[in-house]
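# can't give you the sequence, but here's the structure:
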């Protein structure tokens, strides 16, 4: 390969979507570091720049990160799953009920919860693949179904608490210097990355995203591949529910409310096309990091703290990021269409 070709190759890598998002993430972090870090009267550094705050960012972004990883293969197939946040809440309640009311051990309750999460994802898969219903409509229905079941089980009032310290270690302590749940997030990220980028499953998901009918004509088991993606998402949502419960020390029906928006935003922001066919796990992780830094950084800005508007600002800017990412994904196709018509 010639030197000019090597130079073009390096230039394309440095200007890839993931690298551009990395540059934005670094700039975002530096902004909040300088704008949101102060020294108190005792001379102690407080705010965004502290090590504890960085660990909190990692700890609080774990559940959204897991849901974003679960959604990456689904969105690559040109699908969507709006129910992952609600399924997280339902699985959290079922986990608490299995342990507290049924008297099961925590490992057994967790294992059953993962199976139930897979069944929830399988319900989405069966409706989408068997009845050929649009994923948006199916998961919008199960979004309400799962949340309604969680509310019905708890009657809107029951919260499961008093979990043992050995379980709370999973969500509140550190292991080998990092928050414990960060290691689980890393393991899931590696598994999903291998599936998406190194196996025939990943190639078939991309083919389905480009053209489902073309994939069928090519002999790919489209329904089985779609079912796998949605079932995996259900299992990961259940894992996120267990980690959520360990982090807060309680299982409640409203767990995971709004998490699907943050997860979808992270996936699309990371470069996965909402129209399917393209996407990467690395981009998704960068998208999760960008949203996590944004949410936590806003809470450290003095002006936002005075207004007590961190949550509102976070929701506003996350919605704006989602619209921006969607626009960026549509723009190349729109420009290509315009150029074709002109020629």
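Yep, that arrived. Just so it is clear, the model here is predicted, and its values are computed rather than measured.
# If you tally nearby residues, what's the number for residue 75?
28 (other Cβ atoms under 10 Å). The C-beta positions use only the backbone N, C-alpha and C, and glycine is treated the same way.
# ok, it - contacts?
264, 267-268, 272-274, 276, 279 (Cβ atoms under 8 Å, 6 or more residues apart in numbering).
# same thing but 7 Å
267, 272, 274, 279 (Cβ atoms under 7 Å, 6 or more residues apart in numbering).
# Ok, residue 106 next?
Contact analysis of residue 106 by Cβ under 7 Å, 6+ apart lists 99, 167.
# What distance do you get for it to residue 169?
According to Cβ to Cβ, to the nearest Å, residue 106 and residue 169 sit 11 Å apart.
# ok, residue 33 to residue 120 distance?
Computed as Cβ to Cβ, the residue 33 to residue 120 distance reads 40 Å.
# now swap in residue 28 and tell me
Taken as Cβ to Cβ, the span from residue 28 to residue 120 is 34 Å.
# neighbour count winner among the two?
Counted by other Cβ under 10 Å, residue 28 and residue 120 do not tie: residue 120 has more neighbours, with 29 against 16.
# re the thing from before, among the contacts of residue 75, which two are most distant?
Using Cβ to Cβ, these reach their maximum pairwise distance at 274 and 279, which is 9.6 Å.
# Compare neighbour counts for these two and give me the winner.
residue 279 (27 against 17).
# Return the residues in contact with the residue lying closest to that one once chain neighbours are set aside.
Distances taken as Cβ to Cβ, 6 or more residues apart in numbering put residue 272 closest to residue 279, at 2.9 Å, once the chain neighbours are dropped. By Cβ under 7 Å, 6+ apart, the residues touching residue 272 are 72, 75-76, 278-279, 283-284.
# Using the three-state scheme, assign residue 272.
Secondary structure, DSSP: H, G, I helix; E, B strand; the rest coil: residue 272 is coil.
# next one: phi and psi at it?
Torsion angles at residue 272 (phi, psi; degrees, to the nearest 10) stand at phi -80, psi 130.
# per-residue pLDDT, it?
Looking at residue 272, its pLDDT reads 90.
# likewise the one 10 residues further on?
The score at residue 282 is 93. That number is its pLDDT.
# from here on, count from 52
With 52 as the first residue, the last one maps to residue 333.
# how close does it sit to residue 71?
In terms of Cβ to Cβ, residue 333 sits 13 Å off from residue 71.
# of the two, who's got more company?
Relative neighbour count places residue 333 above the other of residue 333 and residue 71, with 19 against 13, counting by other Cβ under 10 Å.
# burial of residue 268, as a residue count?
When neighbours are defined as other Cβ under 10 Å, residue 268 has 9 of them.
# That should have said residue 107, apologies.
Neighbour tally, residue 107, other Cβ under 10 Å: 15.
# Contacts only, for it.
residue 347.
# try residue 247
123-124, 253, 332 are the contacts of residue 247 under Cβ under 7 Å, 6+ apart.
# go on, residue 131?
Counting by Cβ under 7 Å, 6+ apart, residue 131 touches 125, 186-187, 190.
# before we move on, what SS does it have?
Three-state call for residue 131 (three-state DSSP): coil.
# now stretch 186-197: mean pLDDT?
Stretch 186-197 shows an average pLDDT of 95 in the prediction.
# mind listing what's buried in it?
Within stretch 186-197, the residues that count as buried by 16 or more other Cβ atoms under 10 Å are 186, 189-190, 192-194, 196-197.
# and the gap between residue 179 and residue 272?
14 Å.
# The two: which has the busier surroundings?
More neighbours surround residue 179 than the other of residue 179 and residue 272, with 25 against 12 (other Cβ under 10 Å).
# ok, now how distant is residue 120 from residue 242?
For residue 120 relative to residue 242 (Cβ to Cβ), the value is 9 Å.
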